[in-house]
Every structure is written in structure tokens, then in C-alpha cells.
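In: how would this look folded up:
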Amino acid sequence: MAFTGDIMNPAAFWQNGPSPGAFYNFPGNSSSYGPINHTVQDFKAYSAQPITTTTTVIGVKFNGGCVVAGDMLGSYGSLARFRDCPRVTKVNDLILLGNGGDYADYQYLKDIIEQKIIDEQCIGDGLQLKPKSLHCWLTRVLYNKRSKMDPLWSNYIVAGMQDGEPFLGTVDKLGTAYEDAVVATGLGAYMATPLLRDAADKGPLDQEAAKALVRKCMEVLFYRDARSFWRYQLGVVTAAGVTIEEPEELKADWTLAHMIEMV
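Out: Predicted coordinates:
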């Protein structure tokens, strides 16, 4: 049977059917907010705020390396939802990376850094990424993202060994960066930093003293920070390499709780 219609302007297969590249308009859907009135790009959006967040991460420099610690809680708003969120990571034999803030953004950037290390190993020239290089790279990435109004809602601590000397620096979500002997992000910037600086000002720390100081700060934060957790990670970087210890657990003592009064 010969085709009798207009081959250049064929009729629709059914009334109000889908046209190529468009959403189907359901019968009776005359709302201007229906899918037929929008493209796929109209529905693409970025989250305007962090969703699953982590709190303080602490870094301390001692005479031979650095210690980094962070608890393992991922909070869904005010809900202590995820109890196993490691955020102290070995980058290579010279670098430890700690994170506080949005956990998804940390995972995204962590994947990129890991791929950089793989690419570096594939070159096989014997060179390794150094902590100052990673610290500088993070400032560029985070500043670039916030300039596009799509920031990575995370703060980072970079600890490592640079030419035989310990290095400790931090970068926030705006790309603001600095180096110091002690670093704390989140609420720890207010509650742990005074403890860290007081200990550092008394003289050079050795590795065991630095670890004891960090443990004390994690205990203080557990009592004072509603988003902290009693289970935390502790990592150490020295000239011998990077070590991330098994998660430690705080032994809380609430015997004074009955003395607390609401004012």
C-alpha cells in the first residue's frame, strides 16, 4: 500500500505524543511547571549546603614528623548517622591528608588525588608528590571551585616530610591557606588550638608527647562538640614513612554530669 500522507510533514502517531528530544506531556497537564516546559538542563542543580558532614581534624608538628587525628562520625544534619567515616588518608610515603567538612566532597577530591598518585607511579621516574606541592595544588582547586560558586565544602590538613623537615599546612573551602606548627579545623579551631599552642610554646615535642597531646584534644572535643565521636583515627608521618593506627576509642567519664545545670 502506498504512503498517501505528506512525507515531509508526517502526522503524530497519537494525539499529544512525545516529540523527539522532549518529555511526554500527559493529557490534561496544562501547568506551566510541567516537564514539557523544561529541558533536562533546567533540572540540573548543585547542593547549596553540605549534607553529610564531619567535624574537627587536628594536626601537630613534632621534632621528626607530624601527627594528624580526626574522629569517624559522619553527621546527617544533627543525626549521628554514619559511624565509620575515615578521613585521615595516606597519600604516599611522604604525605598524610586530613579532612573536615562535607564527606562527599572529600571523597570526590580524594579520588582525584589517588589518581594523581597512580599516574605518577606509572611514569616511573622515581619522584614523589611532596606535601608543599599538594598543599599548593589544593589552594588552587578549592579557590577555583569557590570562584565558580560551586565550592567544595571541606577543610584540609596536609602533613608530611619535605626535604627531611616536617611540614604542616591547612586549606579551607575558600582556598585560604597557611602553615603552622599546630592546626585544627571546625570547632577545634576554637577549643583545641589554645591547648595545642600552649603545649607547643613550652618546647619541642617528641612523637609520643605529640600523640598524647592530640589524644587529649580529641577527648576535650568529644565532651564539648555535639558533632564529635568517641572513635577516632590517628596518623603519623615521619622520615620512615606514613602510619595510620587502628581506630582508638575514648573512655568517657560522665560522673560530673549530675552537677551540670541549665541556666
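
In: okay, and for this protein, where does confidence drop off?
Out: The model of the chain has pLDDT under 70 over residues 1-48, 262-263.

In: which strand or helix spans the residue nearest in space to the middle of it?
Out: Note on the chain: the residue nearest the mean C-alpha position is Tyr106, at 3.0 Å, using CA atoms, centre = their mean. Using DSSP states H and E, Tyr106 sits in helix 103-123.

In: same thing with Ala80?
Out: strand 79-82.

In: shouldn't the residue nearest to the centre of the chain be in contact with Asn99?
Out: Yes - at 4.3 Å, Tyr106 counts as touching Asn99 under the criterion of CB atoms under 8 Å. Backbone N, C-alpha and C define where each C-beta goes, glycine included.

In: which residues do these two both contact?
Out: Listed contacts common to Tyr106 and Asn99 are Thr54, Arg87, Ser154; contacts here mean CB atoms under 8 Å, 6 or more residues apart in numbering.

In: do you know how far the last one is from Lys202?
Out: Think Ser154. 32 Å (CB to CB, to the nearest Å).

In: if we can go back for a sec, what about the shared contacts of Tyr106 and Asn99, which are in strands?
Out: Ser154 (DSSP state E).

In: residue ranges of the helices in the stretch 51-200 of the chain, please?
Out: Taking DSSP state H, counting those that start in this stretch, the helices of the stretch 51-200 of the chain run over residues 103-123, 131-147, 188-191, 193-201.

In: and the ones you listed as CSV, adding distance to Lys173?
Out: Shown next, in CSV, are the helices of the stretch 51-200 of the chain (distance: least, CB to CB, whole Å):
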stretch, distance to Lys173
helix 103-123, 8
helix 131-147, 6
helix 188-191, 14
helix 193-201, 19
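
In: quick one: which of the ones you listed is nearest Val182?
Out: helix 193-201 (3.7 Å; CB to CB).

In: how about whichever helix or strand comes after the closest one: buried residues?
Out: Going down the chain from helix 193-201, the next helix or strand is helix 207-224, by DSSP H and E. Under the neighbour-count criterion of 16 or more other CB atoms under 10 Å, helix 207-224 has Ala209, Ala210, Lys211, Leu213, Val214, Arg215, Cys217, Met218, Glu219, Leu221, Phe222 buried.

In: stretch 145-157 too?
Out: In stretch 145-157, counting by 16+ other CB under 10 Å, buried: Lys145, Arg146, Pro151, Leu152, Trp153, Ser154, Asn155, Tyr156, Ile157.
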